Each structure stands twice: as C-alpha cells, then as structure tokens.
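**Q** Have a look; sequence and predicted model below, questions after that.
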Amino acid sequence: MSFSRRNFLIATGVVAASSSVLTACGGGSDNKSSRKVPTVSGSKTKAILVGTKADSTGPAPEVPGAVKGGTIYSLDQFDMDHMDPAQIYVSTEGAITRPILRGLTGYKIDNKGGATLVGDAATDAGTTKDGGKTWTFTLKDGLKWEDGSDITGDDLRHTFERLFASFVTEGPRYVQQWLVGGDKYKGPYSGKKLASIEVDGKTITFHLNEARADFNFTLAMPGYGLVSKKNDTKEKYDKRPFSSGPYKIGSRSIGKSLTYVRNEHWDPATDSIRNNYPNEFVFQFGFQPLAATDRFIADSGKDQHAMAIFNEVAAERIAQVLTNAKLKKRVLTEVDTVTYYWPINMTRVKDVKVRQAINWAWPHQQLQTIRGGASTSELATTVLSPVTPGYAKFDLYGVTKKPGGDPAKAKALLKEAGKVGQKLVIAYQQSDNAQKQAVA
C-alpha cells in the first residue's frame, strides 16, 4: 500500500458520499486567493474489467514519486470494530486491513483510478465452465503467512468453511448463501466439511446452487480474506488476525492505537496489487474530526506524515480549507463508493406507511449542511453510490425536488396509518457531528 506524503481524508458524505484527500506540504501562509468553495458533483460509473493471468502476476506497478522508508501516521476517531476478515463489511475496516489481508481475488488500481479485477492470492481471477455455477481458483506459488509457513489448500478450505461459524455475525453472507448445502452447514470446528467446497492441492473449486457470473468479484470483498487454519483463534482472531500481506500487526491497544510493521515473509513477486513503501504504519484513535483537522492544518512534526482512514475534515473547517489556496492544493474531491443512510428497523417499525412517512420527511439537505455542505457530499436518492457499477438513477421520495423533505406528505401517510404521534428511536454514533445529525 502506498500513500502520498501528508495525506488525509477531508470528506465522505452521502447523504451520497465523497472523499477528498489533502496531499503534499501545508505551510503557514494564509493565502486566500481562491474564495469559491467547490461542490461535489459530476460522479460517473466506471466499468471494472477482469484481468488476465499476466495482470495477476506481481510485483505491483511502482507508484510514481513514491519512495521507500519512513512512517505513516493516522488521526482517527474510532478503532476498528472488526479485523477478522469474516466479520468485515464496513469500508473503513476493509481499507485498513488491505496491507495485511489477501483474498483469492482483488482490485488492481492504476494511476488514473481505474480498477481491474485480478487474482490476488490466486493465479488469475478464476475460471468457470458452466456459466458461473462452478468456480475454480489456484493458489500462486510462494505464498507465506507471517510466520513463514506456506499458505495451503487446507487454509483455503478453512477460510470459507469458518464463515458458517456461529461467532461470525457481521460480514457478508453471499458465499454462505450461494454454496450448495450452506443452508445446513454449521462450520468446521466439529470436524465436518462442506461438500460443495473441493480442494485438490492448491486448487479450490466452489459449487454454487445457481449460476453467479460475478462470483469472482464477490471474493474480492475484504470479508473473504484468507485465514490461517493453524493460527485461527476463533472469536479472538478478530483482535489479532494473521497476516498474508506486506505488513503484519506489530502492536495493538484496542481503542487507542494499531501498528503495522513489515512482514518479511511477503514476496512482492506474488502480489500484483500491493506495494510496501513505508517502514511502518501507526494508526492513532480517539481524535474527533475538529481536533484532527486542526492538527492537519498546523502540519507540524509527525502530523506532516499523517492521514485518516475514517475522519473527515471537520464541517467547521471546510470553508477555511477550501478557500485557502495552499490548503486547497492538498484537496482531491471525488464521489466515492460509500453511501451514508439510516436503515429502518422493520421488526420495530412494521407499518409500511410509517416507513414511507419517515422517508418523505427525511431532512437530507439539513444533514448535508451539518456534514459541511455541498462541498462534502451529493444528496443520495438510492442506497447505491452513483460510481458503483450497476447504479441506476431513480428518486422514489422526491429528494431532488424537495431536498429538505416533504412533511405534509409524511403527515398524510401517518394519518392514513392511524399513527400520528408515533415515537421514533434514533441510534447514532458517539461523535460530535453524528450527534448534531441525530438532533436534526
């Protein structure tokens, strides 16, 4: 993994999401020659191609201008809830574990932001001969765990069978639902195997209950990262996973810090996706966005080599950052694949008209303003980000015409349902900005 000097995320909105990265040097100038605050707009969907065996062969292309050595720091609010790949569904957890976890497939990113699906631990992006009902992958030679032991076919089988264990509650469920017999399988810890997973040496074959042409894309999710059978500590694996990537966990203090150091058993010749430029990553947690943003702006000491995995530029500093020419030079603003939305608990809010009323009344624009305005995010009208392949634009609840919501329509629906005055409970994250959004 590589990061430019002095990187940090400024905004991930969505209400639809954006991310903006500050790079290069800061400086003490108060140059305000650029007064207009840019907005996030013009997002486009990009096709993701399937690469060849050659595309899957390491080493990864060099990053222009990147140099080896040094330490990358982070300033973030939260530690990761999960690091066991089977439990990873959140994008921040997926991002922070890319340097230590490898899957059968993954995405090779070019210098223009384009992505190609390639074999990561596998020699290629997988093969199917029956339209996607049966998929086969073969491990590359020379793959090692962080203790120097070989990654084997037994590790592959164990990785996918342990997805069915009772302690796995929060990761993706696609593979578990698609494998033949998966509806009855309870995991490998009782000694039983799942017949729809076949392993022959370094080759693994999956038998699915129906054709899935995108199965190889599914396996690129961080939730399907490889797990060492010998070093599987079950529930405890969530705190300290075993590495197959260019870095490994050096130390961890839950809620406070996480350090990655080089994994000397990683061979760049086996990896077409990752580089290993920094000597070390030091992730620091417990920093609210405002405190972190002020440190990034001050740009002193170790913070000159800091970034963020989760934190955004604080809403209170958006205008300052984007109207200062020197700070603005450090900003890259793009809509990303993240969509922020508030799911409704349908076991508690059972009446569909009440759920519709919530959607009609929802104050999208007010929430966007609290997050920092149109310079941080686009308003979403669907749960898919507009840059996600498969996105189709539609606006069921009139967000485009009435971004502040339509209380009159909501009240009418509540009256029809006989639920005027029903109380709602909102669960929200314990952060300064999330609290303001919850109040709204």
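**A** Nice, I can see it.

**Q** what helices or strands is the helix or strand where residue 415 lies leaning on?
**A** Using DSSP states H and E, residue 415 sits within helix 407-417. Judged by 3 or more C-beta pairs under 8 Å, 6 or more residues apart in numbering; DSSP states H and E, helix 407-417 is in contact with helix 352-361. Any C-beta I mention is one placed from the backbone N, CA and C, and that applies to glycine too.

**Q** Going along the chain, name the strands of this protein.
**A** Remark: strands assigned in the chain by DSSP state E are 8-9, 18-22, 49-50, 71-76, 105-109, 115-119, 134-138, 197-200, 203-207, 247-253, 257-262, 280-285, 306-307, 332-335.

**Q** can you redo those strands as TSV with mean pLDDT and distance to residue 318?
**A** Shown next, in TSV, are the strands of the chain (pLDDT from 0 to 100; distance: least, C-beta to C-beta, whole Å):
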stretch	mean pLDDT	distance to residue 318
strand 8-9	30	13
strand 18-22	41	9
strand 49-50	95	36
strand 71-76	95	17
strand 105-109	96	27
strand 115-119	96	28
strand 134-138	98	45
strand 197-200	98	49
strand 203-207	98	46
strand 247-253	98	31
strand 257-262	98	28
strand 280-285	97	23
strand 306-307	90	18
strand 332-335	72	11
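
**Q** Go through the helix holding residue 415 and flag the buried ones.
**A** Within helix 407-417, the residues that count as buried by 16 or more other C-beta atoms under 10 Å are 409, 410, 413, 414, 417.

**Q** Now do the same contact list for the first one.
**A** If you count contacts by C-beta atoms under 8 Å, 6 or more residues apart in numbering, residue 409 has them with 357, 360, 361.

**Q** Mind giving me the ChimeraX select for those residues, buried ones only?
**A** This is the ChimeraX syntax for the buried subset of the contacts of residue 409, where burial follows 16+ other C-beta under 10 Å:
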select :357,360,361
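
**Q** now, among the contacts of residue 409, which is nearest to residue 371?
**A** Residue 371 lies nearest to residue 361 out of those, by C-beta to C-beta, at 18.8 Å.

**Q** Got the confidence number for the closest residue to that closest one other than its chain neighbours?
**A** Nearest non-adjacent residue to residue 361, counting by C-beta to C-beta, 6 or more residues apart in numbering: residue 410, 3.7 Å away. At residue 410, the model reports a pLDDT of 97.

**Q** let's number from 42 now, not from 1
**A** Renumbered: residue one is now 42, and that last one reads residue 451.

**Q** who's in contact with residue 451?
**A** 398, 399, 401, 402.

**Q** Please dump these into a markdown table; it should also carry distance to residue 316 and pLDDT for every row.
**A** Compiled in a markdown table, these are given as follows (distance: C-beta to C-beta, whole Å; pLDDT from 0 to 100):
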| residue | distance to residue 316 | pLDDT |
| --- | --- | --- |
| 398 | 50 | 97 |
| 399 | 45 | 95 |
| 401 | 48 | 96 |
| 402 | 48 | 95 |
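
**Q** Would you point out the most distant pair within these?
**A** Farthest apart among those by C-beta to C-beta are 399 and 401. That separation is 7.5 Å.

**Q** For residue 300, give the beta-bridge partners.
**A** residue 292, residue 323 (DSSP bridges).

**Q** Could you check how far it is from residue 115?
**A** 11 Å (C-beta to C-beta, to the nearest Å).

**Q** Compare those two (neighbour count), which wins?
**A** residue 115 (25 against 17; other C-beta atoms under 10 Å).

**Q** got a list of what the residue lying closest to the more buried one once chain neighbours are set aside touches?
**A** Spatial nearest neighbour of residue 115, chain neighbours left out: residue 324 (4.5 Å); criterion: C-beta to C-beta, 6+ apart. Neighbouring residues of residue 324 by C-beta under 8 Å, 6+ apart: 114, 115, 117, 137, 298, 299, 300, 301, 350.

**Q** Make a markdown table out of those and add distance to residue 186.
**A** Below are those laid out as a markdown table (distance: C-beta to C-beta, whole Å):
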| residue | distance to residue 186 |
| --- | --- |
| 114 | 27 |
| 115 | 25 |
| 117 | 28 |
| 137 | 19 |
| 298 | 24 |
| 299 | 19 |
| 300 | 19 |
| 301 | 16 |
| 350 | 24 |
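
**Q** on that earlier part again, would you tell me which one of the buried residues of helix 448-458 comes nearest to residue 312?
**A** Ranked by distance to residue 312 (C-beta to C-beta), the buried residues of helix 448-458 are led by residue 451 at 51.7 Å.

**Q** Next one: the closest one from residue 445, what distance?
**A** The gap separating residue 451 from residue 445 is 12 Å, by C-beta to C-beta.

**Q** Please dump the strands of the chain into TSV; it should also carry distance to residue 477 for every row.
**A** Formatted as TSV, the strands of the chain follow (distance: least, C-beta to C-beta, whole Å):
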stretch	distance to residue 477
strand 49-50	19
strand 59-63	19
strand 90-91	42
strand 112-117	19
strand 146-150	34
strand 156-160	34
strand 175-179	46
strand 238-241	48
strand 244-248	46
strand 288-294	29
strand 298-303	28
strand 321-326	21
strand 347-348	25
strand 373-376	22
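
**Q** Compare these and report which one is nearest to residue 213.
**A** Set against residue 213 and scored by C-beta to C-beta, the strands of the chain come closest in strand 146-150, at 13.9 Å.

**Q** For the closest one, give me every contacting residue.
**A** If you take C-beta under 8 Å, 6+ apart as the criterion, strand 146-150 is touched by 89, 92, 96, 101, 156-161, 163, 166-167, 178, 257-258, 260-261, 313-314.

**Q** any weak-confidence spans in the stretch 342-481 of the chain?
**A** Residues of the stretch 342-481 of the chain meeting the criterion pLDDT under 70: 372-373.

**Q** hmm, try it at 90
**A** 348-356, 363, 366-384, 412-419, 421, 423-434, 469-475 (pLDDT under 90).

**Q** What segments of it are helices?
**A** 359-363, 366-369, 393-402, 405-412, 448-458, 473-480 (DSSP state H, counting those that start in this stretch).

**Q** Make CSV from these and add distance to residue 249 to it.
**A** As requested, these are exported to CSV (distance: least, C-beta to C-beta, whole Å):
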stretch, distance to residue 249
helix 359-363, 46
helix 366-369, 49
helix 393-402, 33
helix 405-412, 39
helix 448-458, 41
helix 473-480, 39
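
**Q** Out of those, the one nearest residue 194 is which?
**A** helix 473-480 (44.4 Å).

**Q** Perfect, that will be all.
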